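[1] need a structure here:
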Amino acid sequence: MGGLIHRAAQIDPGAKLHTGVRVGAYAVVGADVEIGEDCEIGAGAQILGPTRLGRENRIFPYACVGFEPQDLKFKGEVSYLEVGERNTIREFCTLNRGTSFGRGTTTIGDDNLFLAYSHIGHDSKVGDRTVFTNGATLAGHVEVGDDATIGANSAVQQFCRVGRHGYIGGYSVITLDALPFSLTVGYKPSWYRVNRIGLERKGYSDAQLAELESAFRTLLRSGRNLSDGLDELRSLRSRSPDIDYLIEFVASSKRGVIKAARSGRRGAE
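    Below is the predicted model of the structure:
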């Protein structure tokens with residue numbers, strides 16, 4: 001296989017390890033697990049199947065990847081975890097498989113960073129280049145868009161979404177959809193502002209940021225409902241793909257979105 005498998009590691013005969021895989025002492029790789037080229041599995045980490053890992057993932061010690069979903073309705077049916085490439089999964093993270101009554105598969109994209117003790121619940125879908133800081137938690141059936149950040153010890157409730165480039169502040173509790181390109185913060189969360197610093201780091205220009213800020217003023221203007229704001233955004237003759245995505249995200253929300261706090265209070269409208 002071309003890698004380095006510690007003699008104290010336990011590799012099931014039904015597992016498939018590609019070229020260059022390294023496995024540390026006392027790590028466990030179960031049956032129906034496929035690990036892509038040049039992955040590193042730390043000491044004491046455990047990977048159960050059915051699970052597929054792409055290339056160049058780093059699994060740190062004592063992470064638990066591909067375990068059964070934490071759902072009372074689960075009765076042992078076959079379900080899956082699919083992980084892309086170049087993800088970093090730090091100590092004591094937990095990534096659970098899907099369920100037959102959900103998507104059947106928990107899906108992780110590429111280039112994500114999961115810091116210690118973060119949790120990805122069953123049937124969730126995580127995009128690319130996200131950051132989950134320590135203790136960040138997704139319940140089942142959550143969707144997180146590309147380039148989003150989930151702050152320390154924050155929780156996202158079942159069936160909620162976090163939009164692209166969204167930033168969830170630490171210790172927040174997300175019970176509705178968190179808007180893209182935005183800072184959303186709080187135990188009773190509020191939309192605060194466009195995630196200007198994060199977007200600048202991703203290469204957004206001043207003109208792009210100004211367009212997004214104008215769109216959110218239109219959408220969240222005090223005293224108007226979201227449908228009116230969406231109609232006004234749709235009426236713009238020239239719209240960027242980001243504005244189109246914002247419109248689609250809000251229009252397709254099933255739970256509702258977290259909006260700006262009313263004057264004098266903190267919380268979702």
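[2] So which residues make contact with stretch 224-239?
    215, 218-221, 243, 246-247, 250-251, 257, 259 (CB atoms under 8 Å, 6 or more residues apart in numbering). To be clear about C-beta, it is placed using only N, CA and C from the backbone, and glycine gets the same treatment.
[3] one more time with 6 Å
    Stretch 224-239 is contacted from outside by 215, 218-219, 247, 251, using CB atoms under 6 Å, 6 or more residues apart in numbering.
[4] hang on, Glu82 in a helix?
    No: using DSSP: H, G, I helix; E, B strand; the rest coil, the assignment for Glu82 is strand, not a helix.
[5] Identify the bridge partners of it.
    Arg52, Thr107 (DSSP bridges).
[6] surely it meets Arg52?
    Yes: using CB atoms under 6 Å, Glu82 is in contact with Arg52, at 5.2 Å.
[7] Tell me the helices and strands packed up against the biggest helix by length in the chain.
    Of all the elements of type helix in the chain, the one with the most residues (DSSP state H) is helix 206-220. If you count contacts as 3 or more CB pairs under 6 Å, 6 or more residues apart in numbering; DSSP states H and E, helix 206-220 packs onto helix 226-234.
[8] Show the average pLDDT along the helix it packs on.
    Regarding helix 226-234, the rounded mean pLDDT is 94.
[9] what separates the next helix or strand after it from the chain centre, distance-wise?
    For helix 226-234, the succeeding helix or strand toward the C-terminus, using DSSP states H and E, is helix 241-251. Put simply, helix 241-251 sits 19 Å off its chain's centre (CA atoms, centre = their mean, to the nearest Å).
[10] Next, the angle from helix 241-251 to helix 206-220.
    Counting by axes from the mean of the first three to the mean of the last three CA atoms, to 10 degrees, helix 241-251 lies at 20 degrees to helix 206-220.
[11] in helix 241-251, what's buried?
    242-243, 245-247, 249-250 (16 or more other CB atoms under 10 Å).
[12] what helices or strands is that helix leaning on?
    Checked by 3+ CB pairs under 6 Å, 6+ apart, helix 241-251 has helix 226-234 packed alongside it.
[13] in the helix it packs on, what's buried?
    Buried-residue list, helix 226-234, by 16+ other CB under 10 Å: 226, 229-230, 233.
[14] is Phe114 in a bridge, and if so with what?
    Ile89, Phe132.
[15] List the residues that contact Glu143.
    Counting by CB under 6 Å, 6+ apart, Glu143 has contacts 125, 161.
[16] Let me know the pLDDT of it.
    Glu143 is given a pLDDT of 98.
[17] cool, Ser238 as well?
    83.
[18] Next: Glu269.
    Residue-level pLDDT assigned to Glu269 equals 33.
[19] Could you do Arg221 as well?
    For Arg221, pLDDT reads 84.
[20] ok, back up a step: between the contacts of stretch 224-239, which is closest to Val185?
    Of all these, the one with the least separation from Val185 (CB to CB) is Leu219, at 18.2 Å.
[21] any idea how far the closest one lies from Leu236?
    12 Å (CB to CB, to the nearest Å).
[22] which stretches of this protein aren't confidently modelled?
    Applying pLDDT under 70 to the chain picks out residues 1-2, 262-269.
[23] Next, the angle from the longest helix of the chain to helix 226-234.
    Using the same axes, to 10 degrees: helix 206-220 against helix 226-234 is 150 degrees.
[24] Return the set of buried residues in helix 206-220.
    209, 211-212, 215-216, 218-220.
[25] Right, I'll call it a day here.
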